[in-house]
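[1] have a look at this fold, sequence not included:
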């Protein structure tokens, strides 16, 4: 996106929604508070800003996610030509009409940013000219990068001919089997790892070689910003960069074209808006919660901040990042994996789990809010005094 689009989006949020725009786990944007009366004008404004497709059919195209470090990190292979070829495939109605409404495809270049997310089809390209294809989390095999589009086309054709309409990819594997499907796509056995994965830190300033500049990344608190904060993002992108902004699945943004001499001032302005510019030992995750979401049974984000304050930084590990997840209901929209701390507004009360998912935490007994706070504080204080083994249960610490 560019700064002009971001300003337009914040204006649309004010006029046609409740002023809040959220960045999702898959780096999509959600404008909240839209209604039937405001929808036509909102759609017209999104089309004017080139943030929506002109037809409903185009809007229903399967989603393609591309590694945001393309062109920024030398360890990431050039992805744009392959991304364009895949976009063209996904735009062919005869190839995609039977796909699930939630079908998603990832084109990655080695970054672990997407590892917490599930994709129907995942392509991991390497600088050596090879790419690994995975379906529903199962690696099928590898092919040369120039053959990826043909393999994906063959997969889509096979889906349309043999799989029930709107079936998920896991059903495809159950029906066909990974070995047979790899043979049908003419894939070679994937010699894992084709190339060692690499980790690119997305927070703060990073120089892009041979460009005279770099990029600056910061996380958004809970991925949710009011319109005035989005205006601030646009201002920062223009003042310190070239106006271009990339959206990351880590609920973060990259500002492009930033000069190294501007990095300190940019960091100061970002902190003033409560944007995270440094990696924290405790990652806070929370859905919209009540009253923003009709499914939520309780408030989430203020509670996450209150619970985080119970854990002194000195009691957190220095070599890993722990996740504190507060969910308003059993769907767990904000985080699907296990978390070091999971707090759930479930039916009948609040539930607490350590090293559990939302589904596992939902099976525990409800607690009063005071007990939740006490057990969280006690767990980390006790771990600091005498390390405990990881707990794999849903009921929290014993009373």
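    Right, received. Where do you want to start? As the structure is a prediction and not an experimental result, all values here were calculated from the model. Numbers count the residues shown, from 1 in each chain.
[2] what packs against the host helix or strand of residue 89?
    Here residue 89, judged by DSSP states H and E, is contained in helix 80-90. Under the contact criterion of 3 or more Cβ pairs under 8 Å, 6 or more residues apart in numbering; DSSP states H and E, helix 80-90 touches strand 63-66, strand 104-108, strand 121-125, helix 148-162. In short, each C-beta sits where N, CA and C put it, glycine included.
[3] and with 10 Å instead?
    Here helix 80-90 touches strand 63-66, helix 93-96, strand 104-108, strand 121-125, helix 148-162, going by 3 or more Cβ pairs under 10 Å, 6 or more residues apart in numbering; DSSP states H and E.
[4] and the ones you listed: which comes nearest residue 199?
    strand 104-108 (12.9 Å; Cβ to Cβ).
[5] so the closest one versus helix 148-162, what angle?
    Relative orientation of strand 104-108 versus helix 148-162 (axes from the mean of the first three to the mean of the last three Cα atoms, to 10 degrees): 160 degrees.
[6] so which residues make contact with the helix holding residue 89?
    Helix 80-90 is contacted by residues 61-67, 70-71, 79, 95-96, 99, 103, 105, 107, 109, 121, 123, 125, 131, 145-146, 148-150, 152-153, 155-156 when judged by Cβ atoms under 10 Å, 6 or more residues apart in numbering.
[7] same question for that helix: list its buried residues.
    Residues of helix 80-90 classed as buried: 82, 83, 85, 86, 89, 90 (neighbour count, 16 or more other Cβ atoms under 10 Å).
[8] ok, so of these, who is nearest residue 245?
    residue 83 (18.0 Å).
[9] skipping adjacent residues, who's closest to residue 155 in space?
    Once flanking residues are discounted, residue 155 sits nearest to residue 185: 5.9 Å by Cβ to Cβ, 6 or more residues apart in numbering.
[10] I'd say that neighbour and residue 134 touch.
    No - the pair residue 185 / residue 134 is not scored as a contact, 11.8 Å apart, by Cβ atoms under 10 Å.
[11] shared neighbours, these two?
    140, 141.
[12] mind checking pLDDT for residue 369?
    Listed pLDDT for residue 369 reads 86.
[13] quick one: low-confidence residue ranges for this protein.
    Applying pLDDT under 70 to the chain picks out residues 161-168, 171-172, 175-176, 190-196, 382-399.
[14] at 80 instead, please
    For the chain, applying pLDDT under 80 flags the ranges 98, 100-101, 158-181, 184, 190-200, 313-320, 380-399.
[15] please enumerate the helices of it.
    Shown for the chain, the helices assigned by DSSP state H span residues 3-16, 39-48, 56-59, 80-90, 93-96, 148-162, 169-176, 178-184, 227-240, 263-272, 301-308, 358-361, 369-385.
[16] any idea how far the fourth one is from the chain center?
    Yep, that's helix 80-90 we're talking about. How far helix 80-90 lies from its chain's middle: 21 Å, per Cα atoms, centre = their mean, to the nearest Å.
[17] now swap in the longest one and tell me
    With Cα atoms, centre = their mean as the basis, helix 369-385 stands 29 Å off its chain's centre.
[18] ends of stretch 212-230, what's the gap?
    Stretch 212-230 has an end-to-end distance of 27 Å (Cα to Cα, to the nearest Å).
[19] would you map out the domains in the protein?
    Per the record, the chain has its domains at 3-55+202-272, 69-184, 282-385, by automatic domain parsing.
[20] hang on, the earlier thing: of the helices and strands packed on helix 80-90, which approaches residue 16 most closely?
    Using Cβ to Cβ, the helices and strands packed on helix 80-90 put strand 63-66 closest to residue 16, at 23.3 Å.
[21] which outside residues touch that closest one?
    By Cβ under 10 Å, 6+ apart, strand 63-66 touches 26-28, 79-80, 82-83, 86-87, 89-90, 102-109, 113-114, 117, 119-123, 246-247, 249.
[22] centre of the chain to that strand, how far?
    Per Cα atoms, centre = their mean, the centroid offset for strand 63-66 relative to its chain is 11 Å.
[23] sheet-wise, list the partners of that strand with their directions.
    Paired strands of strand 63-66, with direction, are strand 104-108 (parallel) (DSSP bridges).
[24] just the buried ones among the contacts of strand 63-66, please.
    27, 79, 82-83, 86, 89-90, 103-109, 113-114, 117, 119-123, 246-247, 249.
[25] and the strands in the stretch 201-350 of the chain?
    204-208, 213-219, 224-226, 245-248, 252-258, 282-286, 322-327, 339-346, 349-356 (DSSP state E, counting those that start in this stretch).
[26] out of those, which is the most enclosed?
    strand 339-346 (a mean of 26; mean count of other Cβ atoms under 10 Å).
[27] residue 179 contacts residue 139, doesn't it?
    No - with contact defined as Cβ under 10 Å, residue 179 does not count as touching residue 139 (11.6 Å).
[28] more neighbours, these two?
    residue 139 (18 against 11; other Cβ atoms under 10 Å).
[29] relative to residue 199, how far out is the more buried one?
    20 Å (Cβ to Cβ, to the nearest Å).
[30] for residue 327, same thing?
    Taking Cβ to Cβ, one finds residue 327 at 27 Å from residue 199.
[31] for residue 179 and residue 139, list the residues in contact with both.
    Residues touching both residue 179 and residue 139 (Cβ under 10 Å, 6+ apart): residue 189.
[32] can you give me how far stretch 35-53 is from the chain middle?
    Taking Cα atoms, centre = their mean, one finds the center of stretch 35-53 at 24 Å from the center of the full chain.
[33] now that stretch: buried residues?
    For stretch 35-53, a neighbour-count test (16+ other Cβ under 10 Å) marks 42, 45, 46, 49, 51 as buried.
[34] out of those residues, which comes closest to residue 303?
    For the buried residues of stretch 35-53, the closest approach to residue 303 (Cβ to Cβ) belongs to residue 42, at 30.8 Å.
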